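**Q** give me a 3D structure for the following:
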Amino acid sequence: MTTRTAPAKAPSDALLLEIAAKHFHGVETLETQNSDRLDFHDVAGWAIRAALEDAYEAGRIAGAKAMLAAATAAR
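**A** Numbers count the residues shown, from 1 in each chain. Down below sits the predicted model:
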């Protein structure tokens, strides 16, 4: 018997904006604003790394919750 896991769920826009705003000061939206001044930001490499680490951790936690929910439902 093969068990299948649910496909990965995309992170919510709110979570992505929260991570971006935390690490990239001045980012108020992730939507295209059709303005170079608003759409492009100078960002330090260390800030990108920190944001990616936060996004990875959020995904890890979401995956662990999904696995727990699947294991609980299988009982």
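
**Q** okay, buried residues for the longest helix belonging to the chain please.
**A** The residue-count maximum for a helix in the chain (DSSP state H) belongs to helix 45-73. The neighbour-count check on helix 45-73 (16 or more other C-beta atoms under 10 Å) flags 51, 54-55, 58 as buried. Backbone N, C-alpha and C define where each C-beta goes, glycine included.

**Q** same question, stretch 24-33
**A** residue 24.

**Q** and the contacts of it?
**A** Stretch 24-33 is contacted by residues 13, 16-17, 20-21, 39, 41, 43, 47, 51 when judged by C-beta atoms under 8 Å, 6 or more residues apart in numbering.

**Q** what is the nearest of those residues to residue 63?
**A** The shortest gap between residue 63 and any of these belongs to residue 16, at 16.5 Å (C-beta to C-beta).

**Q** quick one, what contacts the closest one?
**A** 30, 55.
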